[in-house]
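Colleague: Would you be able to build a 3D model of this:
(one chain, ligands or ions: 2)
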Amino acid sequence: MTKPRALIILIVCLLSVSLFVGLLARAGTAVAQDGQPVVLELSASGRDSDAPPAAMPEAPVNLVVDDGSAENAIGLTAGGQFIWLNRFTPAPADYPFCLNEIQVLFRSGDGINVSEVVDLYVYGDADGNPANGATHIASVTGVTVQALDVFSVYPTGGIAVSGPGDTLVAVVNRTAGTDPGEFPAAIDQTATQMRSWVGLYGGPPADPPTLPAPTFGTIDSFGFPGNWMVRGLGETGACLGGAAIAVSKSPDTQTVVSGGNANFTITVTNTGGITLTNVTVTDTLVPACNSAIGTLGVGATNTYNCTDVGVTNSYTNTAVAGGLGGQTPVSASDDALVTVVPPTSVSLSDFGATRVALWPLWLGGLVVAVLGAGVLLRRRRTV
Ligand SMILES: [Ca+2]
Ligand SMILES: [Ca+2]
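Modeller: Ligands and ions are numbered 1, 2, ... in the order given. Sure thing, here's the model as predicted:
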């Protein structure tokens, strides 16, 4: 071994030891639920990723601070859950945007297995400082590690992000990498952007976690400069494809005897990818069909019956359903035709009208008969 190479290895070893000791000193104050101190620990593997660098995404709004390759991974010495997040600062003109996808890379060899569970959280932070708090915007919970050494891709269903300032994208390891010696948070250490934060709660983080965590700082401040392999992809403007509502009013057609009742069934469905709030149904012609439904989860349906009492005129009725997906209003409508027919008593008057119409025939017949009789009398006199 040449002397310069041996010297480099020695320096690297000394740096590693000093980083590790520094980290223990910084994080040693946090205490886990079992009373054991919680510390961060550099991945024992310490190896460069074997995987080729991941390609840079080309979405209109690209929230990326990593270079595509992870050189290490972070876990807790005593095991457990923690939050790791990237602080992104989109261009002001990018707001508002729709966050369509979150990507997280997990590595092989760090104690992480496919199908283990993570939760994803999105926060807004106008003042650019996560340490004094940030506002929770949306959650994508119960998703799993899809593959190792490539980015797991998580569609959000459309998260409306209004800005201004920063957008934070966070990960919590719910079952992935929670045992001692496991390292769920892969990190790119090629060139730190000083935008990757880590937080400890002295136990499992709440759902959603409140920021800041009791122990909270950039991963750099814990002695590990680098960038989490956590990305967000979106497009400027509202989440048009994200929030959607459908309404059906049935039956489509019905016939009602004048003075009778028209019965309807109205079904409202959240057909989009995010929870709808302030969901209402407005039915101008039949106020009895108005409804304040409130919150409607993804895929959820609300069905109810309503009645228009004493219908006397035919009409086309329209039910309009509306709601909010984040800040985005959505609406839909459906028509129902009600045809009123006269009651049975009215048909009797029709018969009467027909009888009146026969009078001219009877009159005509009488005239013919009288004239005919006159002709016969004259013929008899002339005979
Ligand atoms: Ca790298
Ligand atoms: Ca803040």
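Colleague: Any figure for the gap between the residue nearest the centre of the chain and T218?
Modeller: Centrality entry for the chain: nearest residue to the mean C-alpha point is I274, 1.7 Å, by CA atoms, centre = their mean. Applying CB to CB, to the nearest Å, the value for I274 to T218 is 30 Å. Quick note: C-beta positions are derived from backbone N, CA and C, even for glycine.
Colleague: so where is the stretch 151-300 of the chain shaky, pLDDT-wise?
Modeller: For the stretch 151-300 of the chain, applying pLDDT under 70 flags the ranges 240-242.
Colleague: Can you name the residues of it sitting close to ligand 1?
Modeller: Proximity of the stretch 151-300 of the chain to ligand 1 is confined to D188, T190 under the rule CB under 5 Å from the ion.
Colleague: For the helix or strand V153 falls within, buried residues please.
Modeller: Assigned by DSSP states H and E, V153 belongs to strand 151-161. In terms of neighbour count (16 or more other CB atoms under 10 Å), strand 151-161 has its buried residues at F151, S152, Y154, T156, G157, G158, I159, A160, V161.
Colleague: chain center to that strand: distance?
Modeller: For strand 151-161, the gap between its own C-alpha mean and the chain's C-alpha mean amounts to 9 Å (CA atoms, centre = their mean, to the nearest Å).
Colleague: Same check on stretch 62-72?
Modeller: Chain-centre distance of stretch 62-72: 26 Å, with CA atoms, centre = their mean.
Colleague: Output that stretch as PDB, restricted to C-alpha atoms.
Modeller: Provided in PDB are the C-alpha atoms of stretch 62-72 (Å, rounded to 0.1, in the frame of the first residue of the first chain):
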ATOM      1  CA  ASN A  62     -39.400  19.300  -9.900                       C
ATOM      2  CA  LEU A  63     -38.600  19.100  -6.200                       C
ATOM      3  CA  VAL A  64     -35.200  17.500  -6.100                       C
ATOM      4  CA  VAL A  65     -32.100  18.100  -4.000                       C
ATOM      5  CA  ASP A  66     -30.300  14.800  -4.500                       C
ATOM      6  CA  ASP A  67     -27.900  13.900  -7.400                       C
ATOM      7  CA  GLY A  68     -29.600  10.500  -8.100                       C
ATOM      8  CA  SER A  69     -27.100   8.300  -6.200                       C
ATOM      9  CA  ALA A  70     -27.100   7.600  -2.400                       C
ATOM     10  CA  GLU A  71     -23.800   7.200  -0.700                       C
ATOM     11  CA  ASN A  72     -25.100   6.200   2.700                       C
END
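Colleague: What about contact with ligand 1: does it have any residue there?
Modeller: Yes. On the criterion CB under 5 Å from the ion, stretch 62-72 is in touch with ligand 1 at D67, S69.
Colleague: Identify each buried residue in that stretch, please.
Modeller: By 16+ other CB under 10 Å, the buried positions in stretch 62-72 come out as L63, V64, V65, D66, D67, G68, S69, A70, E71, N72.
Colleague: okay if I get those as a markdown table plus pLDDT and secondary structure?
Modeller: Listed next are those as a markdown table, based on pLDDT from 0 to 100; DSSP: H, G, I helix; E, B strand; the rest coil:
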| residue | pLDDT | secondary structure |
| --- | --- | --- |
| L63 | 98 | strand |
| V64 | 98 | coil |
| V65 | 98 | coil |
| D66 | 97 | coil |
| D67 | 96 | coil |
| G68 | 95 | coil |
| S69 | 94 | coil |
| A70 | 94 | coil |
| E71 | 91 | coil |
| N72 | 91 | strand |
